[in-house]
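next input, structure requested:
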Amino acid sequence: MSGREFFASRYRELGWTCEPVEPRQAIRINTMNAETTEVIDRLESRGIQLETIPFVEDGFWISKSDFSVGATAEYLLGFYSIQEAAAQIPARLFAQLKHKIVLDACAAPGGKTVELADLMWNTGAIIALDIKKQRLTALANHLERCRVENVIACNADARQASHLNLKFDRILLDVPCSGNFAVDKDWFSRRTIKDVENNAKLQRGILAEAAKVLKDNGEIVYSTCSLEPEEDELNIDWAIEDLNIGPEKINCLGERGLTSIFGKELDGSIENCRRIWPGQTQGFFICKLRNRVSAQ
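Okay, the predicted model is just below:
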């Protein structure tokens, strides 16, 4: 099944009315390369108008620009990255990143990888995986432009991360997902519930492998830009039951995760997740997971 009304009816049942959204371009300052105030001054001198994003540090919406913000000297020097506002949240949910061993399991094209490196100040190490070899070119270009020095990029499937024979302090799972209509005008005509179910299965495989390679006191941040509960709360409910990892409280934009979905009652801790319906941003789901045994 597919179509706007099919998905809109699901969203209504979940407590949200589907409304048109106009995506806003956003940037994030790479503070290891430049001072935020310096970048703001330089961009504003070029006639670029910025608006502070209130829910992330060093993030700005582009209010007005007469040319591409990907064509400035400041962009080419790695002073900032073009990154959707909600996508700037996940990397900042980790308790501490400097000097840690980090897995970025689905890394390309590299926006969050650069953000991790920025928060780490190029300390520690990031192992960045992507299953598609051609996408690693975009990742490598992004890392080089932003002067990232602590990343090892690998052409590998996140569902085989245990083959690395490493344990990780922090794992970012910005998993492949169905996306949402806010950034794809043809989304309702292209997506079916079968697509959602297939993506949910893929995501569970990635989650299961991440649980294997997480250190006892480590943290996983799981995120999607899907609005579909099969890829969001229902996956986390499965992880609680099958992987013995559970969501911790986080302080970020969004409503509490849903604990009652289409007549199914989920683990109460899922309210610690955050569901961001399209509006201020494109729509997102985020949670921070920890091994339940080590957290006791």
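
Gly257 and Tyr11, how far apart?
15 Å (Cβ to Cβ, to the nearest Å). All C-beta spots, glycine's among them, are computed from the backbone N, C-alpha and C.

who has more neighbours, these two?
Gly257 (25 against 17; other Cβ atoms under 10 Å).

the residue lying closest to that one once chain neighbours are set aside: neighbour count?
Closest residue in space to Gly257, ignoring its immediate chain neighbours: Cys273 at 3.1 Å, by Cβ to Cβ, 6 or more residues apart in numbering. If you count neighbours by other Cβ under 10 Å, Cys273 ends up with 27.

return the residues in contact with Cys273.
232-233, 236, 247, 250, 256-257, 285-287 (Cβ atoms under 8 Å, 6 or more residues apart in numbering).

tell me which element the closest residue to Tyr80 other than its chain neighbours falls in.
Sequence neighbours aside, Ile27 is the residue nearest to Tyr80 in space, at 4.6 Å (criterion: Cβ to Cβ, 6+ apart). Per DSSP states H and E: Ile27 is located in strand 26-29.

now do that strand, average pLDDT.
The average pLDDT for strand 26-29 rounds to 98.

buried ones in the helix or strand that it is followed by?
Sequence-wise, the next helix or strand downstream of strand 26-29 (DSSP H and E) is helix 36-45. Across helix 36-45, burial judged by 16 or more other Cβ atoms under 10 Å covers 36, 39-40, 42-43.

any idea of the mean pLDDT in helix 36-45?
Rounded mean pLDDT across helix 36-45 is 97.

quick check: longest strand of the protein.
Longest strand in the chain by number of residues, with DSSP state E as the criterion: strand 214-224.

whichever helix or strand comes after that strand vs strand 214-224, what angle?
Per DSSP H and E, strand 214-224 leads on to helix 233-243 as the next helix or strand towards the C-terminus. Helix 233-243 and strand 214-224 are oriented at 160 degrees to each other (axes from the mean of the first three to the mean of the last three Cα atoms, to 10 degrees).

buried ones in helix 233-243?
233-240, 243.

closest to Asp216 among those?
Relative to Asp216, the closest of the buried residues of helix 233-243 is Leu243; by Cβ to Cβ it sits at 14.0 Å.
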